[in-house]
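> Sequence plus predicted model, see below.
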Amino acid sequence: MAVAAGVVPGAEGAEAPLEVMLAEALEANRRLSELAGGLAEENAWLRARDAERDAEFERMRADLAVLQRMLFGRSSEKASPEPPGGDPAGGGDDGGASKGVKRGPGARAGRRDYSRLPRVEVTWDFPGGGYCCPECGEPFSPLGSHLSGEQLDWQVTVRVVAHCRRRYKRACGCRVPATVMAPGPPKAIGKGLFANGFIAMLLTERFAAGRSMNSLVTGLSRQGAEISAATLAGTCGQAGGLLEPLAGAIAVRNRESWHLHADEATWRVFAPRDGSGPAKWWLWVFIGADTVCFVMDPSRSGQVLARHAGIDAETGQLTADSDGGPRSLVISSDFYAVYQSAGNRADGLVSLYCWAHVRRHFVRAGDASPVQLKYWTQGWLELIRALYAAHDGLMAAWQENAAPSSREKEAAAARLEGACRGWDNAITAVDEARKRQARAPGLQEPAKKALATLDREWDGLIAHRDYPMISLDNDRAERTIRGPVVTRKNAGGSRNGDSARSAAAIWTVTATAQMAGLNIITYLTAYLDECGRNAGKPLAGPALERFLPWNANPEDLATWAQPPPTG
């Protein structure tokens, strides 16, 4: 068969030009190219999506590791990881304490002195008394006694005290009452069932020890006293009303402090007045030089801080001092936005942020990526440990320089100057490390977050140099609020808003008494006795001033520091 040039027979014998076939092939090739390009774009999108999923998975894994550490792990302030290089003698995370230091039971060189406790002698003898010779039956003669040792005994006694008041009859003819009766015991709650000592013990166990009402009812029933939870709750409410003036006076002095440790925690109110319960309230704590004030409020906003710290709600400035002059205030806190906002707006208000919180961010970063960030975390913990050591030296030098003798004045000033240089060197090392690592490529995401937190709060962290008398952390407030948090875990919360605020007032009194070194039971018993002498009414005026720890005379303070009498 002859074929003409440029002509190809078709499928049905028809001739198709070569140009048409080439055009069809090119079109097919173009379509294949577009399809390949689309597949490549889809493949790139899938790879990007997989990368995003891997990054999100890493973030979730890091968050899970941090949450597991927070929920099940030891406190980062108590942990002692092995230092770089595996040196067993290296300092731990507890401020440089050696691992070889013995802790726990048996660590103390000798037993404490318990000679102040009541002592009871118990004599032991053979059954029937005396001893006879096992051979002839001749009785042995007494040879005195042998002291085999002393033990501590713990007895809880719930007893009924019957108060018998002596009566006397007139024997003369004078115009006076024919009979008289001795005064009875002072009863803080006039027709109440419980003695003042019982009420003081109830408040101590309920609020200072954090026991729930069910636990108290069960404990009393073990001692044979069947008392309902409603009766105990009513007694706590009445006693809280008697303590309100005392708590109010403590709050007034607390507001006048030039420095406050502040913190807050959630609190549950089951039946608030508006009927929208259960509701989440907030318990705030403010710690001054000699007072502790708890504030219960439905809000966590800055209004609570403004009311207590004396910040004008409209201008955001500190209110004038009692003499009308400008006022200054220093607040040690965590990084909560309320404290940051107040410090940024109010002139004369200085915010000192907690270095322990910063340290936890670096510890959690190491927990989130233990393989890649192990030595990075250890390096940062060493820097923070060195900063704490420098601050300890600065605080000691400042205390020595506060009131030195004329002979030691120059030496104390030189030590203070050296301590300031030590602090500057330590904080400079931290500053250089954070700036250098922030520019470093390839840093893990948890480490970036920790560095970002350090950078964001830097101004409030370095401000500690000007206040060497204040600790670097806010642990004091966290430890103080831990007691109410234990109560919240055991009891769940408060029935209503009134009982919640009453609990805050009682905590204010008990925590301030503890700060003054007083025995809470003895102190509350004495206060309730005085309320009983005041016809069961709250104290006021000089009678109230006597029970303010900063105003009390040394004799009362010494008495209130002793445990309650037994027997």
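Cool, got the structure.
> who's in contact with the nearest residue to residue 372 once chain neighbours are set aside?
Once flanking residues are discounted, residue 372 sits nearest to residue 444: 5.4 Å by C-beta to C-beta, 6 or more residues apart in numbering. (Glycine included, C-beta is placed from N, CA and C.) By C-beta atoms under 8 Å, 6 or more residues apart in numbering, residue 444 lies in contact with 365, 368, 369, 372, 373.
> how about a cut-off of 6 Å?
Residue 444 makes contacts with 369, 372, 373, as judged by C-beta atoms under 6 Å, 6 or more residues apart in numbering.
> nearest to residue 455, of those residues?
Each of these was checked against residue 455 using C-beta to C-beta; the closest is residue 373, at 17.7 Å.
> Does the closest residue to the closest one other than its chain neighbours lie in a helix or a strand, and which?
Distances taken as C-beta to C-beta, 6+ apart place residue 366 nearest to residue 373, at 5.0 Å, with adjacent residues excluded. Element membership for residue 366, per DSSP states H and E: helix 355-368.
> buried stuff in that helix?
Judged by neighbour count (16 or more other C-beta atoms under 10 Å), helix 355-368 contains these buried residues: 355-368.
> for stretch 323-340, same thing?
Under 16+ other C-beta under 10 Å, the buried positions of stretch 323-340 are 327, 329, 330, 331, 332, 333, 334, 335, 338, 339, 340.
> These in helices, which ones?
338, 339, 340 (DSSP state H).
> So what's the predicted local confidence for the second one?
At residue 339 the predicted local distance difference test score is 92.
> Next, find the distance separating it from residue 39.
Distance from residue 339 to residue 39, counting by C-beta to C-beta, to the nearest Å: 55 Å.
> what do you get for the last one?
Separation of residue 340 from residue 39 (C-beta to C-beta) stands at 51 Å.
> Just give the number of residues close to residue 42.
Neighbour count of residue 42, defined by other C-beta atoms under 10 Å: 10.
> can you confirm it is in a strand?
No - under DSSP: H, G, I helix; E, B strand; the rest coil, residue 42 sits outside any strand and is assigned helix.
> Chain neighbours aside, what residue packs nearest to the spatially most central residue of the chain?
Ranked by distance to the mean C-alpha position of the chain (C-alpha atoms, centre = their mean), the top residue is residue 478 at 2.0 Å. What sits nearest to residue 478 in space, not counting adjacent residues and going by C-beta to C-beta, 6+ apart, is residue 263, at 5.8 Å.
> Please look at the one you found and residue 476 and confirm they touch.
No - distance between residue 263 and residue 476: 9.0 Å, which falls outside the contact criterion (C-beta atoms under 6 Å).
> if you count what's nearby, which of those two comes out ahead?
Taking other C-beta under 10 Å, residue 263 and residue 476 do not tie; residue 263 has more neighbours (24 against 16).
> which helices and strands sit right next to the helix or strand harbouring that one?
Applying DSSP H and E as the criterion places residue 263 in strand 259-269. Under the contact criterion of 3 or more C-beta pairs under 6 Å, 6 or more residues apart in numbering; DSSP states H and E, strand 259-269 touches strand 279-287, strand 329-333, helix 475-491.
> Centre of the chain to the last one, how far?
It stands for helix 475-491. In terms of C-alpha atoms, centre = their mean, to the nearest Å, the centre of helix 475-491 is set 6 Å apart from its chain centre.
> What segments of the protein are strands?
Per DSSP state E, the chain carries strands over the ranges 7-9, 15-17, 167-169, 179-181, 259-269, 279-287, 292-297, 329-333, 349-353.
> pLDDT averaged over the first one - what is it?
Spelled out, that is strand 7-9. So the average pLDDT for strand 7-9 ends up being 51.
> Counting neighbours, which of the contacts of residue 444 end up buried?
Listed as buried from the contacts of residue 444 are 369, 373; burial here means 16+ other C-beta under 10 Å.
> and of the contacts of residue 444, the nearest to residue 309?
Nearest to residue 309 among those is residue 373, at 38.5 Å by C-beta to C-beta.
> Please identify which of the helices and strands packed on strand 259-269 is closest to residue 379.
Of all the helices and strands packed on strand 259-269, helix 475-491 sits nearest to residue 379, with 23.2 Å by C-beta to C-beta.
> by contact count, what packs against that closest one?
Using 3+ C-beta pairs under 6 Å, 6+ apart, helix 475-491 sits against strand 259-269, strand 279-287.
> what's the angle from that helix to strand 292-297?
50 degrees (axes from the mean of the first three to the mean of the last three C-alpha atoms, to 10 degrees).
> Restricting the selection to alpha carbons, write helix 475-491 to PDB.
The C-alpha atoms that make up helix 475-491 are tabulated as PDB, following Å, rounded to 0.1, in the frame of the first residue of the first chain:
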ATOM      1  CA  ASP A 475       6.200  31.400  98.300                       C
ATOM      2  CA  ARG A 476       5.000  33.000 101.500                       C
ATOM      3  CA  ALA A 477       1.600  33.800 100.000                       C
ATOM      4  CA  GLU A 478       1.300  30.400  98.400                       C
ATOM      5  CA  ARG A 479       2.100  28.600 101.600                       C
ATOM      6  CA  THR A 480      -0.400  30.700 103.500                       C
ATOM      7  CA  ILE A 481      -3.200  30.100 101.100                       C
ATOM      8  CA  ARG A 482      -2.500  26.400 101.100                       C
ATOM      9  CA  GLY A 483      -4.400  25.900 104.400                       C
ATOM     10  CA  PRO A 484      -7.700  27.200 103.000                       C
ATOM     11  CA  VAL A 485      -7.000  25.200  99.800                       C
ATOM     12  CA  VAL A 486      -6.800  22.100 101.900                       C
ATOM     13  CA  THR A 487     -10.100  23.000 103.600                       C
ATOM     14  CA  ARG A 488     -11.600  23.500 100.100                       C
ATOM     15  CA  LYS A 489     -10.500  20.000  99.100                       C
ATOM     16  CA  ASN A 490     -11.800  18.400 102.300                       C
ATOM     17  CA  ALA A 491     -15.000  20.400 102.700                       C
END
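> Show me which positions of that helix end up buried.
Buried, per 16+ other C-beta under 10 Å, within helix 475-491: 475, 476, 477, 478, 480, 481, 483, 484, 487, 488, 491.
> For the residue nearest to residue 270 when sequence neighbours are not counted, grab the count of nearby residues.
In this structure, residue 270 finds its nearest non-sequential neighbour in residue 278, 4.7 Å apart by C-beta to C-beta, 6+ apart. Around residue 278 there are 12 other residues, counting by other C-beta under 10 Å.
> Surely residue 278 is in contact with residue 272?
No - applying C-beta under 6 Å, one finds residue 278 not in contact with residue 272, separated by 8.1 Å.
> Contact partners for residue 312?
residue 319.
> so how far is residue 38 from it?
64 Å.
> Then residue 389?
Shown here: residue 389 relative to residue 38, a distance of 63 Å by C-beta to C-beta.
> go on, residue 142?
Residue 142 sits 112 Å away from residue 38, going by C-beta to C-beta.
> I appreciate the help and will end here.
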